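[1] Fold the stuff below for me.
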Amino acid sequence: MKTLTLIRHAKSSWDDPFLDDFDRPLNPRGRHDLPLMCARMLAHGPAPDQLIHSTALRTHLTASALIDTFRLTDRAVCGTDRIYEADVSVLEALLRQQSNEHQHLMLVGHNPGLLLLAHWLCQQAPDRLPTAAIIQLELPLTYWRDLAPGCARTVWFDYPKLHRPLAPERDTLASS
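    The predicted model follows:
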């Protein structure tokens, strides 16, 4: 049995219109949500055997927080530019190449690639992956090379807005 956790990077900044997309940092909401997401990930577990992340700045910053949270060694971390703007075939190939020693892979990347991968692996995957979303999949596989469409089931799905308090309702009678 294998576990695959897909994590979309935390909310990024669009403040600088001249900044290349690859170099966009996290915005204040992303920096706020990231420690909370990491705490939920740590509480839910398990720690990944291997964390693979895009080298885009926002994704690298998200991965760095996870690396610190799980106290991963350099050997358990791999940054690659292949994930940036990757489609399903690229992500699938990347996963198939992983060592079978790894029981739990964590992939930190971008939409639409992550969402499309989730749907390729699991028909019950959510319809969207908001920023800082976590989807954990269980795969009844011995070898990563055996990944196939529909082979996974969703174990856990979480994202920051699920934990935000609802805005108080206005008293419509008082305002009339």
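
[2] Now do the helix or strand containing Leu95: everything it contacts.
    Applying DSSP states H and E as the criterion places Leu95 in helix 88-96. Here helix 88-96 makes contact (CB atoms under 8 Å, 6 or more residues apart in numbering) with 4, 52, 80, 82-83, 86, 105, 107, 109, 113-114, 116-117, 120, 144-145, 147. Yep, even glycine has a C-beta here, placed from its N, CA and C like the rest.

[3] Just the CA trace of it, in CSV.
    What follows is helix 88-96, C-alpha atoms only, in CSV (Å, rounded to 0.1, in the frame of the first residue of the first chain):
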residue,chain,number,x,y,z
VAL,A,88,-0.7,14.7,-16.0
SER,A,89,1.7,12.8,-18.1
VAL,A,90,4.7,14.6,-16.7
LEU,A,91,3.5,14.2,-13.1
GLU,A,92,2.6,10.5,-13.7
ALA,A,93,6.1,9.8,-15.1
LEU,A,94,7.7,11.6,-12.2
LEU,A,95,5.8,9.4,-9.7
ARG,A,96,6.4,6.2,-11.6
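
[4] and the following helix or strand past that helix, average pLDDT?
    The C-terminal neighbour of helix 88-96 among helices and strands, as given by DSSP H and E, is strand 104-109. The pLDDT scores in strand 104-109 average 98.

[5] just checking, next helix/strand downstream of strand 104-109?
    Counting by DSSP H and E, the next helix or strand C-terminal to strand 104-109 is helix 113-121.

[6] Tell me which other helices or strands that following helix touches.
    strand 2-8, helix 88-96, strand 134-139 (3 or more CB pairs under 8 Å, 6 or more residues apart in numbering; DSSP states H and E).

[7] Kindly recompute the last result at 10 Å.
    With contacts taken as 3 or more CB pairs under 10 Å, 6 or more residues apart in numbering; DSSP states H and E, helix 113-121 sits against strand 2-8, helix 88-96, strand 104-109, strand 134-139, strand 153-158.

[8] what lines up beside the last one in the sheet?
    Think strand 153-158. Applying DSSP bridges, strand 153-158 is found paired with strand 134-139 (antiparallel).

[9] Now the partner strand - C-alpha only, CSV.
    Extracted in CSV, the C-alpha atoms of strand 134-139 (Å, rounded to 0.1, in the frame of the first residue of the first chain):
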residue,chain,number,x,y,z
ILE,A,134,-4.1,18.9,0.8
ILE,A,135,-5.4,15.7,-0.8
GLN,A,136,-4.1,12.4,0.5
LEU,A,137,-4.6,9.3,-1.6
GLU,A,138,-4.2,5.7,-0.8
LEU,A,139,-3.0,3.5,-3.6
